[in-house]
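> Quick one, structure for this:
(2 chains)
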Amino acid sequence: MSLKVSRWFLLLNFVLAVSMVLPSANAQSVPCAAVTRNPLVLEALLDSHSNDAEARIEDDTVTAAGLAHLRFNPIVIQPGDALYVEYRGRDFTVNADFAGGEMTAFDSSPKGSYEQWRKGVLPLDLFRAALHQRLVRLRATAKNPDRVLFRNIKIIRAGKPVFEFAKLASYGKPQVKTAVERRLPCVGFDDVPPNGASTAVSYSFTNPGPTRNFSGGLVQPMLPPFPMMMQSTTTGTDPNHYKFTGKEWDDESGLYNYGARYYGPALGRFMTPDWSVRPTPIPYANISDPQTLNLYNFGRNNPLSMRDPDGHCAGDDCKNVKVEVKVLENPKIVQAEKQEDGSLRTGVRAKVQDTITANGKALVHAPVNESNTHKATLNGQPKDLGAKEGPSETNNAGQVNDTVGLLAPAGTPKEDAPLVDLLKTGAVTYTNENTITFATPDGQNCQCTTTRTITNVGPDGKGSPNYTIDPGHPVVTPVKPPAQQQPKDKEPE
Amino acid sequence: MLKLLSVVSVAALLLLPRPQSDKFSRYRSVEAYEVRPGILMMPRYTNDGQVCEITLEKHHYSNGTAYLGSTIPRGTFIELADELVPQSERGQQTMNFGKEYMSAYGGNSVATFAEYENVSIEISGIASPVASAGDIVAVIKWKKRTCATPSH
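This next block holds a predicted model:
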């Protein structure tokens, strides 16, 4: 796959890249994240490898034996980098060698065959030791090295190929080379020399040296079969390719295609970090939710509540949910008032209404779980009544109607008189924190918390017969997963 | 002969059914009393054996019938509270709205409470939807006693 980038686009990006370099020419470090997604830089990376007759890249395929002859400038592996490869054959192991001597090995799929092309994605960043190391060589060992074939080998970064081994001959065009020779500041490798001097690096590799030999060093433990090669229990006879969250299951790679990225169910994470069209250090970051800083997780590590419709940031349907609070009746002192259940009550009460809409549509007849805390204060003496949880439901207009206040069973007017007098003269405050939890039509669990307060306490701290209500400001958020209980430390014997 | 007898004894011990206390030993036991037909009372205690908390709630299965309703008439709760904690034990009412019991309404729940010097009584129930409204559980707490047994 080649990147089709117009000259004008390249020029524009080059100007942008140069403009980013100039102010930081003497800087010790250069912000890399924004630059590495620049198409020009991608071209530069693509140009940083070279063709070599010994590589025997014919018809875009290379044998297992020939894989080690692929020559490329060492690439510094960044979080999320992955190796995409199409392969034919079985009983082989792909090794990724790093400059520090580390090696990451991937076993072939037991489903591999010499007749059929399969594809897979190998995460190059799985081991901490591999991060920020230079990938210097790929090689494969196989039972039948000449029968195992590879093609379309790419390194994927931020959802895009940054290095295509099988297209070597198509790169190295003059305009790209010119751009490369302009000394890009930060292209994901060799960006900060050890001496901290200029970060400029020249990438013109017309005469690459021989493949370096690496021997010794740590050998990474063999990975468990990687999703590329680890198949699920799905069989080829299952006609339904759309499985978890309705996304297409790729039987060959063992990955789900979420559009922007592939998701590896065996690892429980995306294979590449999240990315955005507009260069940004951490796409979709929300500083109030640390999970958004993890660019690999699915649904902010909250798959029970969060969706991920397109492989980008976890879908937060709760953002499209609105809860409007309306005061149906202002608070007032009532005496022997007939309630909905037929009982007579005396006290002070208001009526409020929550209307829930999702994407502009009322959430009608939706099961709602409510949690309410009650706190009453009489003449400065508080009474905390804790939390009460229970089910409820929206009506046919997506509304939940509530009575809010302090009420007692009504007696005779004489019996009720002390309560009525107290409500008129005492300093009374009642606070109800109401949390409703519900599911959107798309299945995301949201909660809305509103704190309602009824009071007759004026600025002087004294009560009056005039009650006011603060219906609160509803805040809708995704439901957080329950906190995991920490295992208790074993008590000393 | 003695050897044979001892072997038989050990075998008999191993083969005998285990007592119930052993069978459920991995579960926490809850002490419960049926204070009215279909109403359970569960006490908790202080270290010195004094009652510090009482919970009253519905018993849902008895004599082959499952009782699906969870509400208990408030009058019954109040009657039981009077039985279990006589007025003489409660001390003065400390939060007096002019009624012995006051109910706080908010959301779908209602919390009915009475506050005394020595104890607090709280009855929690459903306020809405009206079809299922009613009181579900009552908790009586002794304010000056610290429970040692775990919460229900």
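
> ranges for the strands of chain B?
B:33-36, B:39-45, B:51-58, B:61-62, B:65-66, B:102-106, B:109-115, B:119-126, B:134-142 (DSSP state E).

> and the angle for the second one with strand B:51-58?
Strand B:39-45 and strand B:51-58 are oriented at 160 degrees to each other (axes from the mean of the first three to the mean of the last three CA atoms, to 10 degrees).

> now swap in the last one and tell me
Orientation check (the same axes, to 10 degrees): strand B:134-142 against strand B:51-58 gives 170 degrees.

> contacts for strand B:134-142?
B:50-58, B:70-74, B:77, B:80-81, B:84-85, B:110, B:112, B:118-126 (CB atoms under 8 Å, 6 or more residues apart in numbering or on different chains). For the C-beta atoms, the positions are set from N, CA and C on the backbone; glycine is no exception.

> if you set the cut-off to 7 Å instead, what comes out?
Residues from elsewhere that reach strand B:134-142 (CB atoms under 7 Å, 6 or more residues apart in numbering or on different chains): B:51-57, B:70-72, B:74, B:77, B:81, B:84-85, B:112, B:118-126.

> Near chain A, list only the ones from those.
B:E122, B:S124, B:I126 (CB under 7 Å from any CB of the partner chain).

> partners of A:V368 in the sheet?
Beta-bridge pairing of A:V368 under DSSP bridges involves A:S392.

> about what we covered before: tell me the one of the ones next to chain A among the contacts of strand B:134-142 nearest A:V404?
B:I126 (15.3 Å; CB to CB).

> Just the helices from chain A, written as ranges.
For chain A, the helices defined by DSSP state H cover A:7-21, A:33-36, A:39-47, A:64-67, A:174-181, A:413-425.

> by how many degrees do the last one and strand B:102-106 diverge?
To tie it back to what came earlier, the one meant is helix A:413-425. Using the same axes, to 10 degrees: helix A:413-425 against strand B:102-106 is 60 degrees.

> mean confidence score for helix A:413-425?
Regarding helix A:413-425, the rounded mean pLDDT is 94.

> now for that helix, which elements pack on it?
For helix A:413-425, the packing partners by 3 or more CB pairs under 7 Å, 6 or more residues apart in numbering or on different chains; DSSP states H and E come out as strand A:321-338, strand A:344-358.

> Now mean pLDDT, distance to chain B and mean neighbour count too, for those strands, in JSON lines please.
Listed next are those as JSON lines, based on pLDDT from 0 to 100; distance: least, CB to the nearest CB, whole Å; neighbours: other CB atoms under 10 Å in any protein chain shown:
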{"stretch": "strand A:321-338", "mean pLDDT": "94", "distance to chain B": "11", "mean neighbour count": "16"}
{"stretch": "strand A:344-358", "mean pLDDT": "94", "distance to chain B": "6", "mean neighbour count": "21"}
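
> Switch those over to TSV; also include distance to A:V420.
TSV is the format used below for these (distance: least, CB to CB, whole Å):
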stretch	distance to A:V420
strand A:321-338	6
strand A:344-358	7
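
> of all the ones you listed, which lies closest to B:N96?
That would be strand A:344-358 among the helices and strands packed on helix A:413-425, by CB to CB, at 14.1 Å.

> how many other residues sit next to the closest residue to A:S464 other than its chain neighbours?
Of all residues not flanking A:S464 in the chain, A:N456 sits nearest, at 5.1 Å (CB to CB, 6 or more residues apart in numbering or on different chains). The number of residues packed near A:N456 is 22, by other CB atoms under 10 Å in any protein chain shown.

> In contact with A:N456, which residues?
Counting by CB under 7 Å, 6+ apart, A:N456 has contacts A:V428, A:G463, A:S464, A:P465, A:N466, A:Y467.

> from the residues you listed, which is closest to B:F24?
Of the contacts of A:N456, the one sitting nearest to B:F24 (CB to CB) turns out to be A:V428, at 48.8 Å.

> my guess is that closest one meets A:L378, correct?
Yes: with contact defined as CB atoms under 7 Å, A:V428 reaches A:L378; the gap is 5.9 Å.

> Closest to the centroid, which residue in chain B?
B:M42 (2.5 Å; CA atoms, centre = their mean).

> still on that earlier bit, of the helices and strands packed on helix A:413-425, give the one that comes closest to A:K424.
Nearest to A:K424 among those is strand A:321-338 (6.8 Å), distances taken as CB to CB.

> between that closest one and helix A:413-425, what angle do the directions make?
Using the same axes, to 10 degrees: strand A:321-338 against helix A:413-425 is 140 degrees.

> looking at the sheet around A:P409, what are its partners?
Judged by DSSP bridges, the bridge partners of A:P409 are A:R345.

> got a list of contacts for stretch A:377-388?
A:371-376, A:426-429, B:95, B:97, B:104, B:109, B:111, B:113, B:115, B:122, B:124.

> got the buried residues for that stretch?
Neighbour-count burial for stretch A:377-388, counted by 16 or more other CB atoms under 10 Å in any protein chain shown, picks out A:T377, A:L378, A:K383, A:L385, A:K388.
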